[in-house]
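> quick check, what structure comes out for this input:
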Amino acid sequence: SDVGEYRCEVKNDVGSCSCITGIRLKEPPSFVKKIENITTLSGSAAIFNSQIEGSAPIFVTWMKDKDEIREDDHIKISFENGISTLQIVSVGANHSGKYTCQAMNDAGTEKCFATLLVTESAQIIEEPQPLNVTSGTTAILECIVSGTPELTVRWFKNKAELTSSRKCKMTFVNKVAILKILSVNKEDSGEYDFEVQNVFGRSNCTTSLT
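Numbering: from 1, shown residues only. Okay, here's the model as predicted:
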């Protein structure tokens, strides 16, 4: 190998002079620890960490999908003592995606990748309104929800769970839950509860039919 210490010496009849220098091989960056996939709830913090070694100076760039990430009030980026960190203070659905940590120096470039999946607990966006309907007509209760699939919805009347029948029709499409009560009569009056849930949480509300 040519790497090592070199000595140069000059001399003549009256004396000599020498100096010493060395050749060191620049090492390209490499990841001792790569960033890892993260799954977290909306509103939580997400932190990617990597450990990098190689010849200084090393420059680190973070990317989401194909766009370079810049620091702002909600995103903090640091690279100290070989540890590169990307912190998102409060994640939202828009932060889900593929993240790249790229390390570069004069000897080369190295990358590692991970994904961030932001989940949302089941929530009710628009509650069904209380209804006052005429006997013999159709009553429609509608509720709009949000959350990470798979979402499960249930309707209750006076705390008893309802099931689809000739009298009651229930649908759940595009995060809109609808309960139709056909040919309403006095016995259909009462308190109606709605519940939506997924593996990350649940939400419920109450309305009435008179």
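
> select the longest strand from the protein.
strand 108-119 (DSSP state E).

> same for that one, what does it pack against?
strand 30-33, strand 38-41, strand 46-53, strand 97-105 (3 or more Cβ pairs under 8 Å, 6 or more residues apart in numbering; DSSP states H and E). No exception for glycine: its C-beta is placed from N, CA and C like everyone else's.

> convert the C-alpha atoms of the third one to PDB, please.
Included here for strand 46-53 are C-alpha records, laid out as PDB according to Å, rounded to 0.1, in the frame of the first residue of the first chain:
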ATOM      1  CA  ALA A  46     -40.900  11.200  14.800                       C
ATOM      2  CA  ILE A  47     -37.100  10.900  15.100                       C
ATOM      3  CA  PHE A  48     -34.800   9.300  12.600                       C
ATOM      4  CA  ASN A  49     -31.200   8.600  13.800                       C
ATOM      5  CA  SER A  50     -28.200   7.300  11.900                       C
ATOM      6  CA  GLN A  51     -24.500   6.900  12.800                       C
ATOM      7  CA  ILE A  52     -22.000   7.700  10.200                       C
ATOM      8  CA  GLU A  53     -18.200   7.200   9.900                       C
END
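
> for that strand, packing partners?
Using 3+ Cβ pairs under 8 Å, 6+ apart: strand 46-53 touches strand 30-33, strand 38-41, strand 83-88, strand 97-105, strand 108-119.
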